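A.B. asks: would you be able to build a 3D model of this:
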Amino acid sequence: AEFADRGIVVVEDAAHAFGSVTLDGTPVGATGNLTCFSLGPIKNLTCGQGGLIVPRDAEEAERARSLRGLGIVETSAIRAAATSYTVAAAGWREQMSALNAAIGRAQLSGFGVVAARRKQLWRAYRTALSTVKGVRVVDVDVDHAVPSLCAVLVLTQPRDAVFHHLRGQGIGVGAHYPPNHLQPAFATWRRTLPATESVAGKILTLPFHPHLDPADVERTVVALECALATVKALR
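C.D. replies: This next block holds a predicted model:
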């Protein structure tokens, strides 16, 4: 209410949270907030590219449709049967293609299996990593969340050296994500954020998608242990 009184809309960033629930069991996106999901390649539900907005009411839904479609009021079906259309406000060309949407819709019926698989794999990683010295798993509440990544903090060796060693071994690790406040686009507002910068230099994301199996998890963790030992020996 405080934000509403000041004319501020709070957008719920649920980019990685498709299929997750809050502590009381409410599905993320059904909380009554304006919610945004990402449907990019590594997300729990993917359309290859794109995302979706859960609006709070019909008026907000129409506004979102207009903004994604160059500010045009009429639907594509109406425009096809007319010789003109109405541009009510500025907008962008951000429509998801029908092909991308079909990819996402085809996954919905089997999403429960995908969600369970992701939770199983994350738990397998947590178990396998519990004996690896020099790394710490970034915890996920898998009782409520469907994980889209499995991340660790590399604590005892330079993360970049471990990253490059693993990539050289064919292990598809990543670094999600470099801090936004250090990007050139935000230089005007830059200030020191020591905790963020420290974590960003240690974070390492491990291969994680529902087509992996426990053997892939074991191979990755063994390779990580070898990478830590090799980097230590070379220092």
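A.B. asks: quick check, distance from the helix-or-strand element of the chain with minimal mean pLDDT to the centre of its chain.
C.D. replies: Sorting the helices and strands of the chain by mean pLDDT, DSSP states H and E puts helix 2-5 at the bottom, at a mean of 79. On the basis of C-alpha atoms, centre = their mean, to the nearest Å, helix 2-5 sits 28 Å off its chain's mean C-alpha point.
A.B. asks: same question for the lengthiest helix in the chain, mean pLDDT?
C.D. replies: Longest helix of the chain, by residue count under DSSP state H: helix 214-234. Averaging pLDDT along helix 214-234 gives 97.
A.B. asks: starting at the chain centroid, how far to that helix?
C.D. replies: Offset of helix 214-234 from its chain centre (C-alpha atoms, centre = their mean): 25 Å.
A.B. asks: what is the neighbour count of R190?
C.D. replies: Using other C-beta atoms under 10 Å, R190 has 11 other residues around it. Yep, even glycine has a C-beta here, placed from its N, CA and C like the rest.
A.B. asks: rewinding a little: give the next helix or strand downstream of the least confident helix or strand of the chain.
C.D. replies: strand 11-13 (DSSP states H and E).
A.B. asks: direction included, what does that next one pair against?
C.D. replies: strand 34-38 (parallel) (DSSP bridges).
A.B. asks: any idea of the mean pLDDT for the partner strand?
C.D. replies: Here the average pLDDT along strand 34-38 is 95.
A.B. asks: can you tell me the element the residue nearest to S38 when sequence neighbours are not counted falls in?
C.D. replies: Leaving aside its sequence neighbours, S38 sits nearest to A15 (C-beta to C-beta, 6 or more residues apart in numbering; 3.9 Å). Taking DSSP H and E as the definition, A15 sits outside all helices and strands.
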